[in-house]
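Student: coordinates only, sequence not included:
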């Protein structure tokens, strides 16, 4: 994490120990008189009510907490301010934030005050401290936004939810100081608020994709929010809005990109019962790309050459993982969908025969099997659905009840908890041990385990993809005077910042600069510009989803391959292997352009993909071009495309 998350306020017990000026005795360092003062309440409520979160008695939870045990803590009346109860007085069951901040605004003892209420970061409330006294209704839920402290904290026992809250606080969804939430009050923007604020997402997902407006928000329109609990959950029962029967209008989401005649925009399972992707529907609306001029999907992702190529290059916005996984993104019109990919007969290299390759079409190699018969299959797309049952990778494990519910997003990113990081060792349930190990047990002869999976498999494969992307950028530089604003690996940690520049001038390719760029290259035809922008779109998409090699490996490799195949000589002639070797021999000292990685030995692997690489072959070459997984031999040059 680059910035402080909302971790400190979740360290309940430690922080409450140091509170001063609170509790029934109102004196720091005294005995816990708040317990004595609460005896009348305990006499009636020792068994009830129970916490809707944990199912435990709230009295027993409170007795175990620092609110009751720490000197200067808080008793029942300090928070609930019962006002004459149990006679005819009131009993506010859910105290507002104005009660909490009576104590939790101490500059010294509540050091997280600035993180929550400074007005600069995206706190859960999105409010500066001075306005927490406002009684505001959250337009997405209809509930008082002024009770937002309880959205993250169980006040009766801060340890009971500490694990899940810590996980969430360690996730990118809680990154209060990251640009995605703190750069501006995104809630004011009806295009942005559906993904950059919890309120906007909740409203969008449960109101037929409606955009919440500033008029509806009222004074709440100053909010800066992270993606808090209520974005996805109905209440502290942890029921998700995607599976709550009371939410009758939950969004059935498709990608924002225009469809081909044979490629629907619909995400499989999102608005059809078979196969259901369950709660993964919560992830798709914000991770399927973005509409608007920056994407330019209407121009790019249909097989129609635009009359003018003067609109600026565009991208998929940050982390379009769902669109990548389901094959709903990426430029696939370097040639026609019906263009043939010829068959290749089995041949013998040395003493090792290769496997024959059946003839197919270009379109079938880039369109998913859910959209086109004979299209690209994917085990990862089947995870979390009944389609995984009986999968050939491990039929003994993939039986009903094992990893067949709630879709691939939930299976891979929430098995280890709310950090959303499938490799996080801090919390129980490392995803490798529960999910990945069922298929991935070795990589190039190295046995995989939870300890080395990230380095030996994930990071290794990401490096191979980045090498391929670096090769494509080198071709953009050499052949088209276009580069990308990456410098060193640090830039790869902030993929939302990736954009294209004209190399010779250093100017960003805005619409005006792009028009000037085209004017300086009068020989470029409309078709050439169309494919150039398509290659650029493919390149930037894999930078922005820098796990695309996991989400859709075959499609990602082919989109990058095709982009390079066009960029090297303007022809789709399966020349990438030759180009990569030539680039490696020449070398290139430009920052972040690593080409010594592309070396092609006699074979890809000594035996098969479970064995070591051929001594003359580098791993990045095996990402770039095709090989026979059974024999380890390269596929013939006329079908080298992966």
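Tutor: Thanks, I have it. Predicted model only: the values in this text are computed from it and were never measured.

Student: contacts, neighbours, all on C-alpha from now
Tutor: Noted.

Student: so which bits of stretch 550-560 are buried?
Tutor: Across stretch 550-560, burial judged by 16 or more other Cα atoms under 10 Å covers 550-560.

Student: same question, stretch 32-51
Tutor: Buried positions in stretch 32-51, judged by neighbour count with 16+ other Cα under 10 Å: 32-35, 37-38, 41-42, 50-51.

Student: what about the strands in the chain?
Tutor: All strands of the chain, identified by DSSP state E, fall at 340-341, 348-349, 352-353, 360-361, 442-443, 446-447, 482-484, 500-502.

Student: the last one - contacts with which helices or strands?
Tutor: Same thing as strand 500-502. strand 482-484 (3 or more Cα pairs under 8 Å, 6 or more residues apart in numbering; DSSP states H and E).

Student: could I get the average pLDDT for the longest helix along the chain?
Tutor: If you go by DSSP state H, the chain has its longest helix at helix 460-480. Taken as a whole, helix 460-480 carries a mean pLDDT of 92.

Student: any idea how far that helix is from the middle of the chain?
Tutor: From the chain centre to the centre of helix 460-480 is a distance of 23 Å (Cα atoms, centre = their mean, to the nearest Å).

Student: just the buried residues of that helix, please?
Tutor: Applying 16+ other Cα under 10 Å to helix 460-480 flags 461-477, 480 as buried.

Student: got a list of contacts for it?
Tutor: 482-484, 503, 539, 543, 546-547, 549, 557, 560, 563-564, 567-568, 580, 583, 592-595, 597, 619-621, 623-624 (Cα atoms under 8 Å, 6 or more residues apart in numbering).

Student: likewise for stretch 607-615?
Tutor: With Cα under 8 Å, 6+ apart as the test, stretch 607-615 has contacts from 442-445, 601-606, 619, 628-632.

Student: switch the cut-off to 7 Å
Tutor: Applying Cα atoms under 7 Å, 6 or more residues apart in numbering, the set of residues contacting stretch 607-615 from outside is 442-445, 601, 603-606, 629-632.

Student: okay, among these, which ones form the most distant pair?
Tutor: The distance between the two most remote of the contacts of stretch 607-615 (Cα to Cα) is 21.9 Å, for 442 and 601.

Student: give me the pLDDT for the closest residue to residue 396 other than its chain neighbours.
Tutor: Closest residue to residue 396 apart from its sequence neighbours, by Cα to Cα, 6 or more residues apart in numbering: residue 390 at 7.5 Å. On pLDDT, residue 390 comes in at 95.

Student: for residue 283, same thing?
Tutor: pLDDT, residue 283: 91.

Student: look up how far residue 392 lies from the closest residue to residue 405 other than its chain neighbours.
Tutor: Leaving aside its sequence neighbours, residue 405 sits nearest to residue 384 (Cα to Cα, 6+ apart; 4.2 Å). Residue 384 sits 16 Å away from residue 392, going by Cα to Cα, to the nearest Å.

Student: follow-up on the earlier one: which of the contacts of stretch 607-615 are buried?
Tutor: For the contacts of stretch 607-615, a burial check counting by 16+ other Cα under 10 Å picks out 442-444, 601, 603-606, 629, 631-632.

Student: could you give the number of residues near residue 543?
Tutor: 25 (other Cα atoms under 10 Å).

Student: can you pull out the helices in the stretch 201-350 of the chain?
Tutor: 214-217, 229-232, 297-300, 321-325 (DSSP state H, counting those that start in this stretch).

Student: so which of these has the densest surroundings on average?
Tutor: Comparing the helices of the stretch 201-350 of the chain by mean neighbour count (mean count of other Cα atoms under 10 Å), helix 321-325 comes out on top with a mean of 27.

Student: so what touches it?
Tutor: Contacts for helix 321-325 (Cα under 7 Å, 6+ apart): 255, 284, 287-289, 329, 381, 545, 548, 551-552.

Student: for residue 387, list the residues it contacts.
Tutor: By Cα under 7 Å, 6+ apart, the residues touching residue 387 are residue 275.

Student: how about the contacts made by the closest residue to residue 230 other than its chain neighbours?
Tutor: Nearest in space to residue 230, with sequence neighbours left out and distances taken as Cα to Cα, 6+ apart, is residue 198 at 6.9 Å. Applying Cα under 7 Å, 6+ apart to residue 198 gives the contacts 225-228, 230-231.

Student: so how far is residue 371 from residue 198?
Tutor: Distance from residue 198 to residue 371, by Cα to Cα: 32 Å.

Student: for stretch 531-540, buried residues please.
Tutor: Neighbour-count burial for stretch 531-540, counted by 16+ other Cα under 10 Å, picks out 531-540.

Student: can you put the residues you listed in JSON lines and add distance to residue 521 and pLDDT?
Tutor: Formatted as JSON lines, the buried residues of stretch 531-540 follow (distance: Cα to Cα, whole Å; pLDDT from 0 to 100):
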{"residue": "531", "distance to residue 521": "15", "pLDDT": "91"}
{"residue": "532", "distance to residue 521": "13", "pLDDT": "92"}
{"residue": "533", "distance to residue 521": "14", "pLDDT": "89"}
{"residue": "534", "distance to residue 521": "18", "pLDDT": "89"}
{"residue": "535", "distance to residue 521": "18", "pLDDT": "92"}
{"residue": "536", "distance to residue 521": "17", "pLDDT": "91"}
{"residue": "537", "distance to residue 521": "20", "pLDDT": "88"}
{"residue": "538", "distance to residue 521": "22", "pLDDT": "91"}
{"residue": "539", "distance to residue 521": "22", "pLDDT": "91"}
{"residue": "540", "distance to residue 521": "22", "pLDDT": "87"}
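
Student: so which of those are in helices?
Tutor: Counting by DSSP H, the part of those found in helices is 531-540.

Student: just to revisit the earlier point, doesn't residue 278 make contact with the residue nearest to residue 405?
Tutor: No. Contact criterion Cα atoms under 7 Å: residue 384 and residue 278 do not qualify, at 8.1 Å.

Student: and those two? Which one has more around it.
Tutor: Taking other Cα under 10 Å, residue 384 and residue 278 do not tie; residue 384 has more neighbours (27 against 22).

Student: quick one: contacts for the more buried one?
Tutor: Taking Cα under 7 Å, 6+ apart, we find residue 384 in contact with 277, 403-408, 411.
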